[in-house]
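> give the three-dimensional model of this entry:
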Amino acid sequence: RTGAMRRPLAAAVLALCLGRACEAFTFTVQAGGQECFDEEAPLKEKVAGVWSVLNDASMDIDVKVVSPSGDEIYTAEAESSGSFEFTSREEGAYQVCYSNERTRTRPATISAKIAVGEPERKLVDEIARAEHLSPLHARIEALEQSMSSITDLQKYMRGREKAHRDTTESTKRRVLWWSVFESIVLVAMSLWQVAYLRKFFEGKRI
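Predicted coordinates:
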């Protein structure tokens, strides 16, 4: 496809789910283009993701998830945000593609987060085994990971709020300038009509 790119998702996020909740990552899809990421998943593992257009809440994109064998597992058309969750039926690289082919004029800035399995619980179990932590300490570690997830969600919601606010302010500015333009046109038409009628009646007197 036009402008299509493919690269490992782990490289884009640097270290997805290493020691803490998965971090959201941001990227740009050029107008008419597409960005694809590969995420490795073992058999029968939970795969989940969430995504959102940040720069314009009214901009719609297409998103799809394709299995290693080429089957479409998830599709979203003309959406500005969404999420997906499934259990892998085969081992390999699952491709997540974000398409901005619906517009030829504006790039889309997208925030996304993708996770495989339950890294927080696995991490806590490993620490508990290695350090012989008590169940209470293990729960504290799990609570810390949950707080990190909540923090990431808050960042995501603030990004969505900013996108909606920017869209609203942009719309207000456009309405204001359009009102000013209409007022100028109406005043100009009124002056022209007055001048035309004055000239018309002066001609009648003569």
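> now the regular element (helix or strand) spanning Asp166: how far from the chain's centre is it?
Here Asp166, judged by DSSP states H and E, is contained in helix 135-205. Helix 135-205 sits 20 Å away from the centroid of its parent chain (C-alpha atoms, centre = their mean, to the nearest Å).
> avg pLDDT for it?
Confidence for helix 135-205, expressed as mean pLDDT, is 79.
> cool, stretch 113-131 as well?
59.
> what's the neighbour count on the nearest residue in space to Ala41 that is not next to it in sequence?
Distances taken as C-beta to C-beta, 6 or more residues apart in numbering place Ser88 nearest to Ala41, at 4.4 Å, with adjacent residues excluded. Glycine gets a C-beta too; all of them are placed from N, C-alpha and C. Residues contacting Ser88 under the criterion other C-beta atoms under 10 Å number 21.
> looking at it, Gly82 is touching Val65, isn't it?
No: contact between Gly82 and Val65 fails when scored by C-beta atoms under 8 Å: they sit 10.9 Å apart.
> between those two, point out the one with more neighbours.
Taking other C-beta under 10 Å, Gly82 and Val65 do not tie; Val65 has more neighbours (20 against 15).
> what strand or helix carries the residue nearest to the spatial centre of the chain?
Geometric centre of the chain, nearest residue: Ser52, 2.0 Å, by C-alpha atoms, centre = their mean. Assigned by DSSP H and E, Ser52 falls within strand 46-53.
> how far out from the middle of the chain is that strand?
For strand 46-53, the distance to the chain centre is 10 Å (C-alpha atoms, centre = their mean).
> for that strand, packing partners?
Contacts defined by 3 or more C-beta pairs under 8 Å, 6 or more residues apart in numbering; DSSP states H and E place strand 46-53 against strand 61-66, strand 81-87, strand 92-99, strand 108-116, helix 135-205.
> deepest of those, which one?
Ranked by mean neighbour count, the helices and strands packed on strand 46-53 are led by strand 108-116 with a mean of 21 (mean count of other C-beta atoms under 10 Å).
> so it versus strand 92-99, what angle?
Angle, strand 108-116 to strand 92-99, by axes from the mean of the first three to the mean of the last three C-alpha atoms, to 10 degrees: 160 degrees.
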